[in-house]
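Student: no sequence on this one, just coordinates:
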């Protein structure tokens, strides 16, 4: 055969090159050595000449194939690298693309890659498991592909609307080109060299081989299908083998090859469609026959996922139902508990059915109590994952079941339950003796309380659903009260302490408005009987907390329950403004010394108690005590996390997924939260009332110390602002008030601290808001007077106390008291002239020796503090859980020490 005709068309040579499993040709090469079936004399000297289009498209298809392989193994980094190379290769082929148009296989990879990246992006769990490089590559490649696909938006849209048609167009185009060239050079057997090579190169591999084998089993006649059809429908070759139009041939021989007419093309297309239908018809008929055979057997039944649950039949007809048979059936049902594939809902239904059968046969309350215990336990086990919470319907079933169980126990005093009762020693049938059932009602109630907390933690606090769930707390508290009454009669001391703690934990954070109103003057016009009825309506929460906590203090043998009870008791005292009782209880308990050894939930409760204690001190006007109580929490900058009210974003990077889940389970439900803005405002106002007079007194002292680092930070932030407008946030109001107080302008300071905006954000949230505002005005006047005297004492020889009284709107005895204290403590170098009611200033500057002595004393003081800090750090008692260890001790200050103890000033006699 002539060498001229053996060459065939460009598409045939390209398909033979891409079809066989050979080493890939270098992209930049001009020629590729490839074995071809030629005449015997020219076999060794054959060289293939290919068009520029074929070479460019082959380069693109190789890159696309690599990208698809990377997509299968989720290697996004490799996809990114190959996509960049694909873009460069497509840029090189721009001249060919301008003539031919964008090839379909290129549009297909762009669409598929974008869909693939979107799926990965929406898979949140999968993204968390990705390594760092893949996650970064995913974000980068997603942005690039979205930007790149804007230029091909119309083609991608048309492809997505009909992807099969797009694939068929490529296949048909490639097939038409190949049929035209192969029909002219058939040999004696009716098979050309190139078609033989094509068939050989398309030997199935991997999954396609399995598929073909399966097709052969179904239809043996499919082996004799047309060769041209077999390779013409191949998607890979159709992607890469596109033929140029007339007049653009690079191989001269292809120009003279025989071309099919339009009618012949249509006939060939119809022939292929008929063959495809014939292939599908026997399979379809076979499937219909199978469906008919199945339908003869009966109706379809929907099956649940997982292993099928074999429902045990309750009892055969005519079986005498006795206690032993019911207990045996109960154990039979419980054997499936915890096994994989067990339908938990069906198990609960079986247990409830068993209760009905027991009640119908009058087998006694003992068996019913035993089954009820197992029903409640099955309800708790319905969600095997600890992080998930109970569904609403399961939660309501659980509450109803516990109430029914308590009704039975109260109605039958002869039934004794407990975990110390062994199953062998249970008495369920002998009614002459007390019935004994194994089970612990206290454990069920504690688990119920934990499930309620989980429900509140996992509900959106700003939704109506949260309010609906919160209404269930009344039912939870009622159940706890019933169990408390039951255990007071039949429980041990340890069980009574545990149920008392549950009652305390549901009481300590609630403000008792009824008791608060009773403390106020009784309303006019109300009769005595109405007052008595209001007083006898319920027990005061203070009396209840006192009774429960004192029992725990006296009887409890575990440190944890007693510690929680003390902290709750202190919190309740502080919430109701009983400052001295709360402070004394904190001092006597010595919890500060070893709280760092407690478990995290107890430490979170300790932090909440200290914060409430500080707010209580502020309401009483004790700004120094309030500042010292809030110092540790506020100085750390992590108040939200320390109070269990949320996790900070920066700290999420420091913990893995499991630690994050554990931390989230420790969070306090929203209805127990403390307002963080109110907390910060109280701290900053307390710091302002302490810091501003101190700064004015030590203005010329270069070695003055900061009382509050956070307050100084806010002052520096305010000073750095280029444009100083009216304050908007709470912090800006406090900073503006501090600047006014520095100048001794108490009225401006008062207007910044107490106004409509601050009232709405902070002050109106206090129970006695007007009382707090009055106290705050008084404090501002007094501290502004002290600041004024510190700042302007150098410009006065003497000043009348009446003038000061008018300036700061304070009565004369108060002004006299403040100035006398300043003179006694040597803060103000002056003396009082009693006849004229005048303050006479003394200008006595310290000598050089006195200045040196003062500097030495300061250095010695700082050395002592450093030694104490190092010693405490070595002993392991410095700081504690959630403590910021950067802040130092305070010199000559009362309040809470950094080691946890509470220190009073020896000279303070007001307590």
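Tutor: Structure received. What you see is a predicted model, and the numbers here were worked out from it, not measured in a lab.
Student: what helix or strand is residue 436 on?
Tutor: If you go by DSSP states H and E, residue 436 is part of strand 435-438.
Student: now that strand, how far from the chain's geometric center?
Tutor: 44 Å (C-alpha atoms, centre = their mean, to the nearest Å).
Student: what does that strand contact?
Tutor: In this structure, residues lying in contact with strand 435-438 by C-beta atoms under 8 Å, 6 or more residues apart in numbering are 364-366, 369-370, 373, 412, 414-419, 421-423, 425-428. In short, each C-beta sits where N, CA and C put it, glycine included.
Student: So among those, which ones count as buried?
Tutor: Neighbour counting by 16 or more other C-beta atoms under 10 Å classes 364-366, 369-370, 373, 412, 415, 417-418, 421, 426-428 among the contacts of strand 435-438 as buried.
Student: For the closest residue in space to residue 693 that isn't next to it in sequence, the count of nearby residues, please.
Tutor: Excluding the flanking residues, the one nearest residue 693 by C-beta to C-beta, 6 or more residues apart in numbering is residue 786, at 4.5 Å. For residue 786, the neighbour count with other C-beta atoms under 10 Å is 23.
Student: Same question for the one 10 residues further on.
Tutor: Burial of residue 796 is recorded as 12 neighbouring residues (other C-beta under 10 Å).
Student: For it, report the pLDDT, please.
Tutor: In this model, residue 796 is scored at 83, pLDDT.
Student: dump the residue contacts of it.
Tutor: Residue 796 neighbours (C-beta under 8 Å, 6+ apart): 839, 841.
Student: got it, and residue 827?
Tutor: 697, 790.
Student: now it: how far from residue 66?
Tutor: To residue 66, residue 827 is 81 Å away according to C-beta to C-beta, to the nearest Å.
Student: now swap in residue 93 and tell me
Tutor: In this view, residue 93 and residue 66 are 17 Å apart by C-beta to C-beta.
Student: do the same with residue 562
Tutor: 68 Å.
Student: Phi and psi next, for residue 512.
Tutor: phi -90, psi 90 (degrees, to the nearest 10).
Student: Quick check: the gap between it and residue 576.
Tutor: According to C-beta to C-beta, residue 512 and residue 576 sit 7 Å apart.
Student: go on, residue 785?
Tutor: Note on residue 785: its distance to residue 576, by C-beta to C-beta, is 32 Å.
Student: per-domain residue ranges of this protein.
Tutor: Under the assignment the TED database, the domains of the chain span 52-160, 713-841.
Student: from the chain's centre, how far out does the last one sit?
Tutor: Taking the mean of its C-alpha atoms, domain 713-841 sits 45 Å from the chain's own mean (C-alpha atoms, centre = their mean).
Student: Quote the end-to-end distance of it.
Tutor: Domain 713-841 has an end-to-end distance of 34 Å (criterion: C-alpha to C-alpha, to the nearest Å).
Student: and the spatially most central residue of the chain, what element?
Tutor: Closest residue to the average C-alpha location of the chain: residue 664 at 7.2 Å, with C-alpha atoms, centre = their mean. According to DSSP H and E, residue 664 maps onto helix 657-665.
Student: likewise residue 832?
Tutor: In the assignment (DSSP H and E), residue 832 maps to strand 830-833.
Student: Downstream of that strand, the next helix or strand is which one?
Tutor: strand 838-841.
Student: Which residues in that next one does the neighbour count mark as buried?
Tutor: 838-839, 841.
Student: still on that earlier bit, tell me how far the residue nearest to residue 693 lies from residue 741.
Tutor: 10 Å.
Student: Run a quick neighbour tally on residue 450.
Tutor: Counted by other C-beta under 10 Å, the residues lying close to residue 450 total 14.
Student: same for the helix or strand just after the strand holding residue 436, what does it pack against?
Tutor: Using DSSP H and E, the next helix or strand after strand 435-438 towards the C-terminus is helix 441-457. Applying 3 or more C-beta pairs under 8 Å, 6 or more residues apart in numbering; DSSP states H and E, we find helix 441-457 packed against helix 365-380, helix 392-411, helix 464-490, helix 493-505, helix 657-665.
Student: looking at those helices, which is buried most?
Tutor: helix 365-380 (a mean of 22; mean count of other C-beta atoms under 10 Å).
Student: That helix vs helix 441-457, what angle?
Tutor: With axes from the mean of the first three to the mean of the last three C-alpha atoms, to 10 degrees defining the directions, helix 365-380 sits at 30 degrees from helix 441-457.
Student: pLDDT of helix 365-380, averaged?
Tutor: On average, the pLDDT along helix 365-380 is 87.
Student: Output the contacting helices and strands for it.
Tutor: Here helix 365-380 touches helix 323-334, helix 344-360, helix 392-411, strand 415-418, strand 435-438, helix 441-457, going by 3+ C-beta pairs under 8 Å, 6+ apart.
Student: Residue 142: which of the ones you listed is closest?
Tutor: With respect to residue 142, and counting by C-beta to C-beta, the nearest of those is helix 441-457 at 33.5 Å.
Student: Show the contacting residues for residue 409.
Tutor: 369, 415, 417, 441, 486.
Student: okay, and for the chain, where does confidence drop off?
Tutor: 1-48, 164-271, 273-319, 521-539, 650-654, 700-703, 844-847, 876-911 (pLDDT under 70).
Student: May I see the buried residues of whatever helix or strand residue 615 lives in?
Tutor: Using DSSP H and E, residue 615 sits within helix 600-619. Judged by neighbour count using 16+ other C-beta under 10 Å, the buried positions of helix 600-619 are 602-619.
Student: ok now the following helix or strand past it, how far from the chain's centre?
Tutor: Next in sequence after helix 600-619, counting helices and strands by DSSP H and E, comes helix 623-635. Here the centre of helix 623-635 is set off from its chain's centre by 30 Å, with C-alpha atoms, centre = their mean.
Student: Helix 623-635: which residues count as buried?
Tutor: Within helix 623-635, the residues that qualify as buried are 623-635, counting by 16+ other C-beta under 10 Å.
Student: in whichever helix or strand comes after that helix, what's buried?
Tutor: The helix or strand immediately downstream of helix 623-635 is helix 639-642, counting by DSSP H and E. For helix 639-642, the neighbour count (16+ other C-beta under 10 Å) marks 639, 641-642 as buried.
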